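**Q** A structural model of the following input is requested.
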Amino acid sequence: MSDNAPPVELPDDILNLSHFTLKATLFIEPARLDEFMGHFKKCFDEITSRPECEFFEVYTSPQREPGVVQFVEDWYVTLCPFIVYNSDGLRLIVRMMI
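**A** Numbers count the residues shown, from 1 in each chain. Here you go, the predicted structure:
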């Protein structure tokens with residue numbers, strides 16, 4: 001997220017969902033992609049071992065988009081554990097690092 005991006009306020013009813021999908025695109029320096037993937041694999045293994053994680057798919061296209069890594073996670077859990085409040089009292093979705 002850009003520093004200039006406006007804050008996003010989540011409606012209360014979204015916090016009660018029992019299922020959600022997380023999609024992300026990462027831009028990694030192509031020369032360091034193998035190093036990154038070694039670290040990412042550890043996170044992948046830990047996340048996919050959690051029963052709430054329905055699936056976790058990772059996509060790359062080295063010839064067409066060098067250094068671009070996309071992933072999709074599908075979770076059967078409420079969003080509440082992923083919510084924090086910043087100093088302005090705004091709700092933000094954050095990734096729980098394991």
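**Q** point out the other helices and strands that the longest strand along the chain packs with.
**A** Counting residues, the longest strand in the chain under DSSP state E turns out to be strand 65-75. Secondary-structure packing of strand 65-75 (3 or more Cβ pairs under 8 Å, 6 or more residues apart in numbering; DSSP states H and E): strand 20-27, helix 33-48, strand 53-61. In this view, the C-beta of every residue, glycine as well, is placed from N, C-alpha and C.
**Q** how about these, which one is nearest residue 74?
**A** The closest of the helices and strands packed on strand 65-75 to residue 74 is strand 53-61. By Cβ to Cβ, the value is 4.1 Å.
**Q** averaged over its residues, what pLDDT does the closest one have?
**A** Across strand 53-61, pLDDT averages out at 90.
**Q** sheet partners, orientation included, of that strand?
**A** When sheet partners are counted by DSSP bridges, strand 53-61 sits next to strand 65-75 (antiparallel).
**Q** tell me the angle the partner strand makes with strand 20-27.
**A** Here the directions of strand 65-75 and strand 20-27 differ by 170 degrees (axes from the mean of the first three to the mean of the last three Cα atoms, to 10 degrees).
**Q** return the angle between stretch directions for strand 65-75 and helix 33-48.
**A** Following the same axes, to 10 degrees, one obtains 0 degrees for the angle between strand 65-75 and helix 33-48.
**Q** may I have strand 65-75 as CSV, with CA atoms only?
**A** Taking Å, rounded to 0.1, in the frame of the first residue of the first chain, the C-alpha atoms of strand 65-75 are listed here in CSV:
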residue,chain,number,x,y,z
GLU,A,65,7.2,-11.4,-15.5
PRO,A,66,10.6,-11.9,-13.8
GLY,A,67,10.5,-11.3,-10.1
VAL,A,68,6.7,-11.3,-9.8
VAL,A,69,5.3,-13.7,-7.3
GLN,A,70,1.5,-14.0,-6.8
PHE,A,71,-0.3,-16.0,-4.2
VAL,A,72,-3.8,-16.9,-3.2
GLU,A,73,-4.8,-18.1,0.2
ASP,A,74,-8.3,-19.4,1.1
TRP,A,75,-9.2,-19.4,4.8
